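>>> Requesting a structural model of the entry that follows:
(4 chains)
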There are 4 protein chains.
Amino acid sequence: MKQHIYCRHFFECEIPFFDVDALNVAWHGNYVKYFEMARCAFLNEIAHNYNDMREDGFCYPIVKLQVKYMRPARFGQKIRIETQLVDFESKLVFNYTISDIDTGEKLTRATTEQVAIRIDNQETQFIIPNALQQAIKQYQGFQAA
Amino acid sequence: MKQHIYCRHFFECEIPFFDVDALNVAWHGNYVKYFEMARCAFLNEIAHNYNDMREDGFCYPIVKLQVKYMRPARFGQKIRIETQLVDFESKLVFNYTISDIDTGEKLTRATTEQVAIRIDNQETQFIIPNALQQAIKQYQGFQAA
Amino acid sequence: MKQHIYCRHFFECEIPFFDVDALNVAWHGNYVKYFEMARCAFLNEIAHNYNDMREDGFCYPIVKLQVKYMRPARFGQKIRIETQLVDFESKLVFNYTISDIDTGEKLTRATTEQVAIRIDNQETQFIIPNALQQAIKQYQGFQAA
Amino acid sequence: MKQHIYCRHFFECEIPFFDVDALNVAWHGNYVKYFEMARCAFLNEIAHNYNDMREDGFCYPIVKLQVKYMRPARFGQKIRIETQLVDFESKLVFNYTISDIDTGEKLTRATTEQVAIRIDNQETQFIIPNALQQAIKQYQGFQAA
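Residues are numbered from 1 along each chain as shown, chains lettered A, B, ... in the order given. Sure thing, here's the model as predicted:
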(Lines give C-alpha, C1' and ligand atoms only; values in the text may rest on other atoms or scores of the structure.)
Protein backbone atom coordinates (compact mmCIF):
# COMPACT_ATOMS: atom_id res chain seq x y z
CA MET A 1 0.00 0.00 0.00
CA LYS A 2 1.38 3.38 -0.95
CA GLN A 3 1.88 5.85 1.85
CA HIS A 4 0.30 9.27 1.67
CA ILE A 5 2.91 12.05 1.56
CA TYR A 6 1.74 15.04 3.61
CA CYS A 7 4.71 17.33 2.93
CA ARG A 8 7.95 17.06 1.06
CA HIS A 9 11.15 19.01 1.60
CA PHE A 10 14.62 19.06 0.04
CA PHE A 11 17.96 19.53 1.75
CA GLU A 12 21.36 19.57 0.09
CA CYS A 13 24.81 18.97 1.50
CA GLU A 14 28.24 17.67 0.64
CA ILE A 15 30.04 14.62 2.07
CA PRO A 16 32.80 15.99 4.32
CA PHE A 17 36.24 14.38 4.52
CA PHE A 18 35.79 13.36 8.16
CA ASP A 19 32.72 11.25 7.27
CA VAL A 20 34.62 9.03 4.86
CA ASP A 21 36.07 5.71 6.05
CA ALA A 22 39.00 3.52 5.09
CA LEU A 23 37.03 2.19 2.10
CA ASN A 24 36.81 5.74 0.72
CA VAL A 25 33.07 5.96 1.16
CA ALA A 26 30.88 7.75 3.69
CA TRP A 27 30.74 5.48 6.75
CA HIS A 28 27.21 4.04 7.04
CA GLY A 29 26.61 5.47 10.53
CA ASN A 30 27.16 9.03 9.32
CA TYR A 31 23.96 8.97 7.26
CA VAL A 32 21.99 9.28 10.49
CA LYS A 33 23.43 12.80 10.69
CA TYR A 34 22.28 13.60 7.16
CA PHE A 35 18.75 12.46 7.97
CA GLU A 36 18.72 14.60 11.10
CA MET A 37 20.01 17.67 9.24
CA ALA A 38 17.29 17.18 6.63
CA ARG A 39 14.61 16.65 9.27
CA CYS A 40 15.72 19.73 11.23
CA ALA A 41 15.70 21.80 8.04
CA PHE A 42 12.12 20.66 7.42
CA LEU A 43 11.12 21.53 11.00
CA ASN A 44 12.71 24.98 10.59
CA GLU A 45 10.68 25.38 7.40
CA ILE A 46 7.40 24.66 9.18
CA ALA A 47 8.55 26.94 12.04
CA HIS A 48 8.36 24.28 14.75
CA ASN A 49 11.94 23.11 15.37
CA TYR A 50 13.50 21.24 18.32
CA ASN A 51 13.68 24.48 20.34
CA ASP A 52 9.99 25.24 19.69
CA MET A 53 9.12 21.66 20.66
CA ARG A 54 10.99 22.02 23.94
CA GLU A 55 9.26 25.32 24.70
CA ASP A 56 5.98 23.56 23.94
CA GLY A 57 6.97 21.01 26.61
CA PHE A 58 7.80 18.02 24.41
CA CYS A 59 10.74 16.14 23.01
CA TYR A 60 10.54 13.67 20.14
CA PRO A 61 13.02 10.81 20.52
CA ILE A 62 13.61 8.49 17.59
CA VAL A 63 12.09 5.09 18.34
CA LYS A 64 12.77 3.40 15.02
CA LEU A 65 15.31 3.82 12.24
CA GLN A 66 15.57 1.85 9.02
CA VAL A 67 18.19 2.49 6.35
CA LYS A 68 18.74 0.82 3.00
CA TYR A 69 22.12 1.58 1.44
CA MET A 70 22.06 1.16 -2.33
CA ARG A 71 25.13 3.02 -3.58
CA PRO A 72 28.08 4.53 -1.69
CA ALA A 73 28.77 8.26 -1.42
CA ARG A 74 32.27 9.68 -1.65
CA PHE A 75 34.23 12.66 -0.29
CA GLY A 76 32.99 15.91 -1.80
CA GLN A 77 29.94 14.31 -3.41
CA LYS A 78 26.96 16.64 -3.44
CA ILE A 79 23.80 14.95 -2.24
CA ARG A 80 20.14 15.91 -2.08
CA ILE A 81 17.92 14.51 0.65
CA GLU A 82 14.22 14.39 -0.04
CA THR A 83 12.32 14.26 3.25
CA GLN A 84 8.70 13.15 3.13
CA LEU A 85 6.37 13.43 6.09
CA VAL A 86 4.17 10.33 5.90
CA ASP A 87 2.52 10.23 9.33
CA PHE A 88 1.88 12.72 12.15
CA GLU A 89 -1.03 11.27 14.06
CA SER A 90 0.34 9.00 16.76
CA LYS A 91 3.93 9.08 15.55
CA LEU A 92 6.01 11.42 13.45
CA VAL A 93 7.20 9.34 10.51
CA PHE A 94 9.58 10.57 7.83
CA ASN A 95 10.89 8.85 4.72
CA TYR A 96 14.20 10.00 3.28
CA THR A 97 15.72 9.47 -0.15
CA ILE A 98 19.29 10.53 -0.75
CA SER A 99 20.36 11.05 -4.34
CA ASP A 100 23.40 12.40 -6.11
CA ILE A 101 22.72 16.01 -7.09
CA ASP A 102 24.49 15.77 -10.46
CA THR A 103 23.29 12.39 -11.74
CA GLY A 104 20.04 12.06 -9.80
CA GLU A 105 21.04 8.48 -8.91
CA LYS A 106 19.32 7.18 -5.76
CA LEU A 107 21.90 6.29 -3.10
CA THR A 108 20.06 5.62 0.16
CA ARG A 109 16.53 5.30 1.51
CA ALA A 110 15.52 5.56 5.13
CA THR A 111 12.62 5.91 7.55
CA THR A 112 12.54 7.33 11.06
CA GLU A 113 9.76 7.18 13.63
CA GLN A 114 9.50 9.57 16.57
CA VAL A 115 7.10 9.68 19.47
CA ALA A 116 6.31 12.74 21.56
CA ILE A 117 7.28 12.68 25.22
CA ARG A 118 6.17 15.28 27.76
CA ILE A 119 9.36 16.69 29.25
CA ASP A 120 7.93 17.37 32.74
CA ASN A 121 6.64 13.87 33.50
CA GLN A 122 8.42 11.83 30.79
CA GLU A 123 5.09 10.41 29.61
CA THR A 124 4.86 9.08 26.07
CA GLN A 125 2.03 10.76 24.14
CA PHE A 126 -0.27 8.67 21.98
CA ILE A 127 -1.20 11.67 19.86
CA ILE A 128 1.27 14.10 18.30
CA PRO A 129 0.88 17.39 20.25
CA ASN A 130 -1.38 20.04 18.81
CA ALA A 131 1.25 22.74 18.23
CA LEU A 132 3.20 20.45 15.90
CA GLN A 133 0.02 19.23 14.15
CA GLN A 134 -0.98 22.86 13.51
CA ALA A 135 2.46 23.80 12.19
CA ILE A 136 2.32 20.90 9.74
CA LYS A 137 -1.20 21.71 8.59
CA GLN A 138 -0.33 25.35 7.98
CA TYR A 139 2.71 24.31 5.96
CA GLN A 140 0.59 21.84 3.97
CA GLY A 141 -1.80 24.63 3.08
CA PHE A 142 1.18 26.72 2.08
CA GLN A 143 2.56 23.92 -0.12
CA ALA A 144 -0.85 23.26 -1.70
CA ALA A 145 -1.47 26.94 -2.41
CA MET B 1 9.40 -17.66 12.27
CA LYS B 2 12.26 -17.77 14.72
CA GLN B 3 15.72 -17.20 13.28
CA HIS B 4 18.45 -19.73 13.87
CA ILE B 5 21.33 -18.28 15.87
CA TYR B 6 24.66 -19.59 14.57
CA CYS B 7 26.93 -17.83 17.06
CA ARG B 8 26.46 -15.44 19.92
CA HIS B 9 28.97 -12.98 21.35
CA PHE B 10 28.95 -10.36 24.11
CA PHE B 11 30.62 -6.97 24.14
CA GLU B 12 30.56 -4.44 26.96
CA CYS B 13 31.16 -0.71 26.94
CA GLU B 14 30.21 2.50 28.66
CA ILE B 15 28.34 5.50 27.20
CA PRO B 16 30.95 8.27 26.81
CA PHE B 17 30.14 11.92 27.52
CA PHE B 18 30.63 12.97 23.88
CA ASP B 19 27.86 10.57 22.76
CA VAL B 20 25.21 12.22 24.91
CA ASP B 21 22.95 14.90 23.43
CA ALA B 22 21.08 17.91 24.76
CA LEU B 23 18.34 15.62 26.11
CA ASN B 24 20.93 13.91 28.34
CA VAL B 25 20.69 10.59 26.50
CA ALA B 26 22.97 8.88 24.00
CA TRP B 27 22.14 10.40 20.60
CA HIS B 28 20.37 7.76 18.48
CA GLY B 29 22.97 7.86 15.69
CA ASN B 30 25.77 6.88 18.06
CA TYR B 31 24.35 3.39 18.53
CA VAL B 32 25.61 2.52 15.05
CA LYS B 33 29.11 2.80 16.56
CA TYR B 34 28.21 0.43 19.38
CA PHE B 35 26.92 -2.15 16.89
CA GLU B 36 30.11 -1.84 14.87
CA MET B 37 32.34 -2.20 17.93
CA ALA B 38 30.38 -5.32 18.94
CA ARG B 39 30.53 -6.75 15.41
CA CYS B 40 34.28 -6.06 15.13
CA ALA B 41 34.86 -7.73 18.51
CA PHE B 42 32.98 -10.78 17.23
CA LEU B 43 35.04 -10.84 14.02
CA ASN B 44 38.24 -10.59 16.09
CA GLU B 45 36.98 -13.53 18.14
CA ILE B 46 36.50 -15.70 15.05
CA ALA B 47 39.89 -14.49 13.77
CA HIS B 48 38.56 -12.97 10.54
CA ASN B 49 38.35 -9.22 11.09
CA TYR B 50 38.11 -6.33 8.58
CA ASN B 51 41.88 -6.51 7.94
CA ASP B 52 41.69 -10.25 7.25
CA MET B 53 38.71 -9.67 4.95
CA ARG B 54 40.66 -7.06 3.00
CA GLU B 55 43.68 -9.37 2.65
CA ASP B 56 41.24 -12.04 1.44
CA GLY B 57 40.18 -9.52 -1.24
CA PHE B 58 36.74 -8.57 0.06
CA CYS B 59 34.98 -5.77 1.86
CA TYR B 60 31.54 -6.10 3.48
CA PRO B 61 29.55 -2.88 3.26
CA ILE B 62 26.38 -2.54 5.31
CA VAL B 63 23.37 -2.63 3.00
CA LYS B 64 20.63 -2.55 5.61
CA LEU B 65 20.30 -1.27 9.15
CA GLN B 66 17.28 -1.43 11.42
CA VAL B 67 17.20 -0.11 14.95
CA LYS B 68 14.44 -0.13 17.53
CA TYR B 69 15.05 2.18 20.48
CA MET B 70 13.13 1.09 23.56
CA ARG B 71 14.81 2.89 26.47
CA PRO B 72 17.42 5.67 26.49
CA ALA B 73 21.01 5.22 27.68
CA ARG B 74 22.77 7.88 29.76
CA PHE B 75 26.32 9.14 30.31
CA GLY B 76 28.43 6.56 32.12
CA GLN B 77 25.84 3.81 31.77
CA LYS B 78 27.43 0.40 31.34
CA ILE B 79 25.88 -1.56 28.50
CA ARG B 80 26.19 -5.10 27.18
CA ILE B 81 25.66 -5.81 23.48
CA GLU B 82 24.66 -9.32 22.55
CA THR B 83 25.55 -9.96 18.92
CA GLN B 84 23.91 -12.91 17.21
CA LEU B 85 24.96 -14.16 13.81
CA VAL B 86 21.73 -15.26 12.12
CA ASP B 87 22.76 -15.63 8.47
CA PHE B 88 26.04 -16.09 6.56
CA GLU B 89 25.02 -17.67 3.28
CA SER B 90 24.29 -14.91 0.80
CA LYS B 91 24.48 -12.07 3.33
CA LEU B 92 26.08 -11.57 6.71
CA VAL B 93 23.21 -10.80 9.08
CA PHE B 94 23.64 -9.85 12.73
CA ASN B 95 21.05 -9.12 15.40
CA TYR B 96 22.05 -6.95 18.34
CA THR B 97 20.43 -6.50 21.73
CA ILE B 98 21.74 -3.80 24.02
CA SER B 99 20.94 -4.11 27.70
CA ASP B 100 21.95 -2.35 30.88
CA ILE B 101 24.68 -4.36 32.58
CA ASP B 102 23.39 -3.74 36.10
CA THR B 103 19.64 -4.17 35.67
CA GLY B 104 19.57 -6.40 32.58
CA GLU B 105 16.89 -4.14 31.10
CA LYS B 106 16.70 -4.29 27.30
CA LEU B 107 17.41 -0.87 25.78
CA THR B 108 17.82 -1.31 22.02
CA ARG B 109 17.50 -3.96 19.34
CA ALA B 110 19.03 -3.83 15.88
CA THR B 111 19.84 -5.79 12.75
CA THR B 112 22.53 -5.20 10.14
CA GLU B 113 22.97 -6.85 6.76
CA GLN B 114 26.25 -6.89 4.87
CA VAL B 115 27.13 -8.18 1.42
CA ALA B 116 30.59 -9.18 0.26
CA ILE B 117 32.17 -7.14 -2.53
CA ARG B 118 35.36 -8.15 -4.33
CA ILE B 119 37.74 -5.24 -3.88
CA ASP B 120 39.52 -5.62 -7.25
CA ASN B 121 36.46 -5.48 -9.52
CA GLN B 122 33.84 -4.12 -7.10
CA GLU B 123 31.54 -7.06 -7.89
CA THR B 124 28.88 -7.96 -5.34
CA GLN B 125 29.14 -11.62 -4.31
CA PHE B 126 26.01 -13.72 -4.03
CA ILE B 127 27.69 -16.12 -1.64
CA ILE B 128 29.67 -15.14 1.47
CA PRO B 129 33.35 -15.88 0.65
CA ASN B 130 34.77 -19.17 1.79
CA ALA B 131 37.40 -17.81 4.20
CA LEU B 132 34.73 -16.10 6.28
CA GLN B 133 32.40 -19.12 6.13
CA GLN B 134 35.25 -21.34 7.39
CA ALA B 135 36.12 -18.94 10.20
CA ILE B 136 32.50 -18.94 11.35
CA LYS B 137 32.17 -22.71 11.18
CA GLN B 138 35.35 -23.25 13.19
CA TYR B 139 34.10 -20.83 15.83
CA GLN B 140 30.72 -22.59 15.91
CA GLY B 141 32.46 -25.89 16.58
CA PHE B 142 34.43 -24.17 19.30
CA GLN B 143 31.25 -22.74 20.88
CA ALA B 144 29.46 -26.11 20.66
CA ALA B 145 32.39 -28.03 22.20
CA MET C 1 55.02 39.56 15.90
CA LYS C 2 52.03 39.73 13.64
CA GLN C 3 51.66 36.95 11.10
CA HIS C 4 51.30 37.79 7.44
CA ILE C 5 47.95 36.68 6.03
CA TYR C 6 48.36 35.30 2.50
CA CYS C 7 44.71 34.54 1.80
CA ARG C 8 41.50 34.79 3.71
CA HIS C 9 38.29 32.84 3.17
CA PHE C 10 34.87 32.68 4.83
CA PHE C 11 32.71 29.65 5.46
CA GLU C 12 29.30 29.60 7.11
CA CYS C 13 27.41 26.81 8.78
CA GLU C 14 24.92 26.04 11.51
CA ILE C 15 25.45 24.00 14.69
CA PRO C 16 23.55 20.73 14.17
CA PHE C 17 21.63 19.03 16.97
CA PHE C 18 23.92 15.99 17.01
CA ASP C 19 26.95 18.21 17.82
CA VAL C 20 25.44 19.54 21.02
CA ASP C 21 26.26 17.88 24.34
CA ALA C 22 24.53 17.46 27.69
CA LEU C 23 25.47 21.03 28.65
CA ASN C 24 23.48 22.31 25.65
CA VAL C 25 26.55 23.60 23.83
CA ALA C 26 28.51 22.28 20.86
CA TRP C 27 30.90 19.64 22.26
CA HIS C 28 34.46 20.99 22.04
CA GLY C 29 35.72 18.13 19.88
CA ASN C 30 33.20 18.91 17.14
CA TYR C 31 34.92 22.18 16.29
CA VAL C 32 37.66 20.17 14.59
CA LYS C 33 35.02 19.29 12.00
CA TYR C 34 34.12 22.95 11.48
CA PHE C 35 37.78 23.83 10.91
CA GLU C 36 38.12 21.01 8.39
CA MET C 37 34.96 22.03 6.53
CA ALA C 38 36.28 25.61 6.36
CA ARG C 39 39.74 24.46 5.23
CA CYS C 40 38.25 22.15 2.57
CA ALA C 41 36.04 24.99 1.30
CA PHE C 42 39.15 27.16 0.98
CA LEU C 43 41.02 24.39 -0.88
CA ASN C 44 38.05 23.99 -3.23
CA GLU C 45 38.17 27.74 -3.82
CA ILE C 46 41.83 27.63 -4.85
CA ALA C 47 41.07 24.54 -6.96
CA HIS C 48 43.50 22.23 -5.15
CA ASN C 49 41.46 20.11 -2.78
CA TYR C 50 42.26 16.80 -1.03
CA ASN C 51 41.47 14.85 -4.23
CA ASP C 52 43.80 17.08 -6.28
CA MET C 53 46.51 16.67 -3.62
CA ARG C 54 46.18 12.89 -3.79
CA GLU C 55 46.39 12.92 -7.60
CA ASP C 56 49.48 15.11 -7.23
CA GLY C 57 50.92 12.32 -5.03
CA PHE C 58 50.72 13.98 -1.61
CA CYS C 59 48.65 13.93 1.52
CA TYR C 60 48.75 16.64 4.19
CA PRO C 61 48.21 15.22 7.68
CA ILE C 62 47.57 17.60 10.55
CA VAL C 63 50.62 17.66 12.83
CA LYS C 64 49.48 20.36 15.24
CA LEU C 65 46.15 21.70 16.42
CA GLN C 66 45.49 24.49 18.90
CA VAL C 67 42.05 25.69 19.90
CA LYS C 68 41.00 28.44 22.24
CA TYR C 69 37.32 28.33 23.23
CA MET C 70 36.03 31.73 24.31
CA ARG C 71 32.24 31.44 24.12
CA PRO C 72 30.00 28.40 23.61
CA ALA C 73 27.90 27.77 20.50
CA ARG C 74 24.37 26.40 20.72
CA PHE C 75 22.04 24.26 18.59
CA GLY C 76 20.94 26.10 15.47
CA GLN C 77 23.43 28.95 15.96
CA LYS C 78 24.72 30.29 12.67
CA ILE C 79 28.49 30.65 12.66
CA ARG C 80 31.04 32.15 10.28
CA ILE C 81 34.55 30.71 10.12
CA GLU C 82 37.27 33.01 8.84
CA THR C 83 40.17 30.91 7.57
CA GLN C 84 43.50 32.65 7.11
CA LEU C 85 46.44 31.04 5.37
CA VAL C 86 49.49 32.27 7.27
CA ASP C 87 52.25 29.92 6.03
CA PHE C 88 52.79 27.67 3.02
CA GLU C 89 56.55 27.27 2.76
CA SER C 90 57.57 24.31 4.84
CA LYS C 91 54.18 23.76 6.45
CA LEU C 92 50.62 24.68 5.63
CA VAL C 93 49.41 26.80 8.52
CA PHE C 94 45.86 28.09 8.91
CA ASN C 95 44.33 30.32 11.55
CA TYR C 96 40.59 30.12 12.15
CA THR C 97 38.23 32.50 13.88
CA ILE C 98 34.65 31.43 14.49
CA SER C 99 32.12 34.15 15.15
CA ASP C 100 28.39 34.34 15.50
CA ILE C 101 26.88 35.47 12.19
CA ASP C 102 24.22 37.67 13.77
CA THR C 103 26.16 39.41 16.55
CA GLY C 104 29.69 39.14 15.16
CA GLU C 105 30.88 37.95 18.59
CA LYS C 106 34.10 35.93 18.46
CA LEU C 107 33.53 32.41 19.78
CA THR C 108 36.63 30.33 19.02
CA ARG C 109 40.13 30.72 17.62
CA ALA C 110 42.30 27.92 16.29
CA THR C 111 45.42 27.06 14.34
CA THR C 112 46.28 23.93 12.37
CA GLU C 113 49.60 22.89 10.89
CA GLN C 114 49.94 20.35 8.11
CA VAL C 115 52.98 18.83 6.48
CA ALA C 116 53.09 17.26 3.03
CA ILE C 117 53.86 13.54 2.80
CA ARG C 118 54.59 11.75 -0.47
CA ILE C 119 52.03 8.97 -0.69
CA ASP C 120 54.27 6.47 -2.52
CA ASN C 121 57.19 6.43 -0.06
CA GLN C 122 55.57 8.09 2.97
CA GLU C 123 58.39 10.67 3.10
CA THR C 124 57.72 13.95 4.85
CA GLN C 125 58.45 16.92 2.57
CA PHE C 126 60.32 19.90 3.90
CA ILE C 127 58.86 22.18 1.26
CA ILE C 128 55.17 22.43 0.38
CA PRO C 129 54.79 20.79 -3.08
CA ASN C 130 54.82 23.05 -6.10
CA ALA C 131 51.28 22.33 -7.33
CA LEU C 132 49.81 23.59 -4.06
CA GLN C 133 52.16 26.60 -3.93
CA GLN C 134 51.07 27.56 -7.45
CA ALA C 135 47.39 27.18 -6.66
CA ILE C 136 47.79 29.47 -3.66
CA LYS C 137 49.76 32.10 -5.59
CA GLN C 138 47.18 32.18 -8.39
CA TYR C 139 44.41 32.64 -5.83
CA GLN C 140 46.39 35.41 -4.09
CA GLY C 141 46.71 37.25 -7.41
CA PHE C 142 42.98 36.76 -7.85
CA GLN C 143 42.23 38.15 -4.37
CA ALA C 144 44.62 41.10 -4.85
CA ALA C 145 43.14 42.01 -8.26
CA MET D 1 60.52 24.66 33.22
CA LYS D 2 59.25 21.21 34.00
CA GLN D 3 55.66 20.93 35.17
CA HIS D 4 54.88 19.21 38.43
CA ILE D 5 52.75 16.10 37.94
CA TYR D 6 50.16 15.80 40.70
CA CYS D 7 48.57 12.53 39.59
CA ARG D 8 49.03 10.16 36.72
CA HIS D 9 46.52 7.70 35.26
CA PHE D 10 46.50 5.20 32.40
CA PHE D 11 43.66 4.38 30.05
CA GLU D 12 43.73 1.84 27.23
CA CYS D 13 41.58 1.52 24.15
CA GLU D 14 41.59 0.36 20.56
CA ILE D 15 41.13 2.45 17.40
CA PRO D 16 37.66 1.58 16.08
CA PHE D 17 36.95 1.25 12.35
CA PHE D 18 34.61 4.26 12.30
CA ASP D 19 37.43 6.55 13.52
CA VAL D 20 39.67 5.78 10.56
CA ASP D 21 39.67 8.07 7.53
CA ALA D 22 40.34 7.68 3.82
CA LEU D 23 44.11 7.74 4.49
CA ASN D 24 43.69 4.63 6.66
CA VAL D 25 44.65 6.41 9.86
CA ALA D 26 42.59 7.66 12.80
CA TRP D 27 41.18 11.06 11.74
CA HIS D 28 42.89 13.78 13.80
CA GLY D 29 39.65 15.11 15.27
CA ASN D 30 38.83 11.75 16.85
CA TYR D 31 41.71 12.03 19.31
CA VAL D 32 39.67 14.59 21.24
CA LYS D 33 37.39 11.66 22.12
CA TYR D 34 40.32 9.59 23.35
CA PHE D 35 41.49 12.43 25.60
CA GLU D 36 37.99 12.80 27.01
CA MET D 37 37.64 9.07 27.66
CA ALA D 38 41.00 9.10 29.47
CA ARG D 39 40.08 12.21 31.47
CA CYS D 40 36.69 10.76 32.44
CA ALA D 41 38.35 7.50 33.51
CA PHE D 42 40.69 9.54 35.72
CA LEU D 43 37.77 11.48 37.21
CA ASN D 44 35.96 8.18 37.91
CA GLU D 45 39.12 6.98 39.64
CA ILE D 46 39.20 9.99 41.97
CA ALA D 47 35.44 9.59 42.52
CA HIS D 48 34.50 13.05 41.23
CA ASN D 49 33.21 12.60 37.70
CA TYR D 50 31.07 14.86 35.48
CA ASN D 51 27.90 13.76 37.31
CA ASP D 52 29.46 14.54 40.71
CA MET D 53 30.60 17.93 39.38
CA ARG D 54 27.09 18.74 38.24
CA GLU D 55 25.62 17.73 41.61
CA ASP D 56 28.25 19.95 43.21
CA GLY D 57 26.87 22.80 41.03
CA PHE D 58 29.70 23.17 38.53
CA CYS D 59 30.58 22.30 34.98
CA TYR D 60 34.11 22.38 33.56
CA PRO D 61 34.15 23.42 29.90
CA ILE D 62 37.36 23.02 27.92
CA VAL D 63 38.85 26.45 27.21
CA LYS D 64 42.05 25.35 25.53
CA LEU D 65 43.19 22.31 23.57
CA GLN D 66 46.60 21.65 22.07
CA VAL D 67 47.50 18.48 20.18
CA LYS D 68 50.76 17.42 18.59
CA TYR D 69 50.44 14.48 16.22
CA MET D 70 53.72 12.60 15.82
CA ARG D 71 52.76 9.23 14.37
CA PRO D 72 49.45 7.98 12.94
CA ALA D 73 47.29 5.30 14.57
CA ARG D 74 45.54 2.62 12.54
CA PHE D 75 42.36 0.51 12.75
CA GLY D 76 42.58 -2.00 15.57
CA GLN D 77 45.75 -0.49 17.03
CA LYS D 78 45.84 -0.74 20.81
CA ILE D 79 46.78 2.51 22.46
CA ARG D 80 47.58 3.60 26.01
CA ILE D 81 46.82 7.15 27.12
CA GLU D 82 48.82 8.48 30.02
CA THR D 83 46.90 11.35 31.65
CA GLN D 84 48.83 13.67 33.94
CA LEU D 85 47.15 16.25 36.11
CA VAL D 86 49.54 19.23 36.10
CA ASP D 87 47.40 22.04 37.55
CA PHE D 88 44.23 22.28 39.63
CA GLU D 89 44.40 25.69 41.27
CA SER D 90 42.75 28.19 38.96
CA LYS D 91 42.35 25.80 36.04
CA LEU D 92 42.22 22.06 35.59
CA VAL D 93 45.12 21.21 33.28
CA PHE D 94 45.85 17.75 31.93
CA ASN D 95 48.67 16.50 29.72
CA TYR D 96 48.10 13.40 27.63
CA THR D 97 50.57 11.08 25.93
CA ILE D 98 49.24 8.40 23.62
CA SER D 99 51.54 5.49 22.89
CA ASP D 100 51.24 2.17 21.11
CA ILE D 101 50.65 -0.54 23.71
CA ASP D 102 52.84 -3.12 21.97
CA THR D 103 55.84 -1.05 20.91
CA GLY D 104 55.63 1.77 23.46
CA GLU D 105 56.14 4.28 20.61
CA LYS D 106 54.82 7.76 21.40
CA LEU D 107 52.10 8.74 18.92
CA THR D 108 50.43 11.91 20.18
CA ARG D 109 50.79 14.50 22.93
CA ALA D 110 48.11 16.91 24.08
CA THR D 111 47.06 19.36 26.75
CA THR D 112 43.60 20.49 27.81
CA GLU D 113 42.60 23.33 30.10
CA GLN D 114 39.23 23.55 31.84
CA VAL D 115 37.71 26.24 34.01
CA ALA D 116 34.94 25.74 36.52
CA ILE D 117 31.62 27.48 35.87
CA ARG D 118 28.82 27.69 38.42
CA ILE D 119 25.79 26.18 36.71
CA ASP D 120 23.17 28.39 38.43
CA ASN D 121 24.62 31.79 37.49
CA GLN D 122 27.07 30.78 34.72
CA GLU D 123 29.92 32.55 36.54
CA THR D 124 33.47 31.49 35.81
CA GLN D 125 35.33 30.52 38.98
CA PHE D 126 38.89 31.71 39.51
CA ILE D 127 39.59 28.87 41.91
CA ILE D 128 38.85 25.21 41.26
CA PRO D 129 35.92 24.29 43.56
CA ASN D 130 36.75 22.68 46.86
CA ALA D 131 35.02 19.33 46.27
CA LEU D 132 37.22 18.64 43.25
CA GLN D 133 40.36 19.87 45.04
CA GLN D 134 39.62 17.51 47.93
CA ALA D 135 38.98 14.55 45.61
CA ILE D 136 42.33 15.15 43.92
CA LYS D 137 44.22 15.52 47.19
CA GLN D 138 42.73 12.30 48.58
CA TYR D 139 43.73 10.46 45.42
CA GLN D 140 47.24 11.93 45.61
CA GLY D 141 47.59 10.63 49.14
CA PHE D 142 46.36 7.28 47.89
CA GLN D 143 48.87 7.27 45.01
CA ALA D 144 51.73 8.36 47.33
CA ALA D 145 50.92 5.74 49.97
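>>> Could you check how many residues crowd around residue A:117?
19 (other CB atoms under 10 Å in any protein chain shown). In this view, the C-beta of every residue, glycine as well, is placed from N, C-alpha and C.
>>> partner residues bridging it?
residue A:59, residue A:124 (DSSP bridges).
>>> could you list every residue that touches it?
Going by CB atoms under 8 Å, 6 or more residues apart in numbering or on different chains, residue A:117 touches A:58, A:59, A:60, A:61, A:123, A:124, A:125.
>>> How confident is the prediction for the second one, by pLDDT?
Same thing as residue A:59. pLDDT, the model's per-residue confidence, is 96 for residue A:59.
>>> OK, contacts around it?
So residue A:59 contacts A:50, A:53, A:116, A:117, A:119, B:23 (CB under 8 Å, 6+ apart).
>>> ok, now with 7 Å
By CB atoms under 7 Å, 6 or more residues apart in numbering or on different chains, residue A:59 lies in contact with A:53, A:117, A:119, B:23.
>>> Then residue A:24?
Residue A:24 neighbours (CB under 7 Å, 6+ apart): A:74, D:22.
>>> Ok, residue A:63 next?
Residue A:63 neighbours (CB under 7 Å, 6+ apart): A:113, A:114, A:115, B:69.
>>> ok, of the contacts of residue A:117, which come out buried?
Neighbour-count burial (16 or more other CB atoms under 10 Å in any protein chain shown) is assigned, among the contacts of residue A:117, to A:58, A:59, A:60, A:61.
>>> How about the contacts made by the first one?
For residue A:58, the contacting residues are A:116, A:117, A:118, A:119, A:129, by CB under 7 Å, 6+ apart.
>>> Of all pairs in these, which one spans the longest distance?
A:119 and A:129 (11.2 Å; CB to CB).
>>> for the contacts of residue A:59, which one is nearest chain D?
residue B:23 (15.3 Å; CB to the nearest CB).
>>> So which residues of chain A form strands?
With DSSP state E as the criterion, chain A has strands at A:7-14, A:58-59, A:62-69, A:78-87, A:92-100, A:106-114, A:117-118.
>>> want to try TSV for those strands, with distance to residue D:44 as columns?
Shown next, in TSV, are the strands of chain A (distance: least, CB to CB, whole Å):
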stretch	distance to residue D:44
strand A:7-14	37
strand A:58-59	28
strand A:62-69	29
strand A:78-87	40
strand A:92-100	37
strand A:106-114	33
strand A:117-118	30
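>>> So the residue nearest the centre of chain A versus chain B, what's the distance?
Relative to the mean C-alpha position of chain A, the nearest C-alpha, by CA atoms, centre = their mean, is the one of residue A:39, at 3.1 Å. The gap separating residue A:39 from chain B is 12 Å, by CB to the nearest CB, to the nearest Å.
>>> between the lowest-mean-pLDDT helix or strand in chain A and strand A:92-100, how many degrees?
Every helix and strand in chain A was compared by mean pLDDT, DSSP states H and E; the lowest is helix A:130-144, with a mean of 90. Angle, helix A:130-144 to strand A:92-100, by axes from the mean of the first three to the mean of the last three CA atoms, to 10 degrees: 40 degrees.
>>> Going by neighbour count, list what's buried in helix A:130-144.
A:132, A:135, A:136, A:139.
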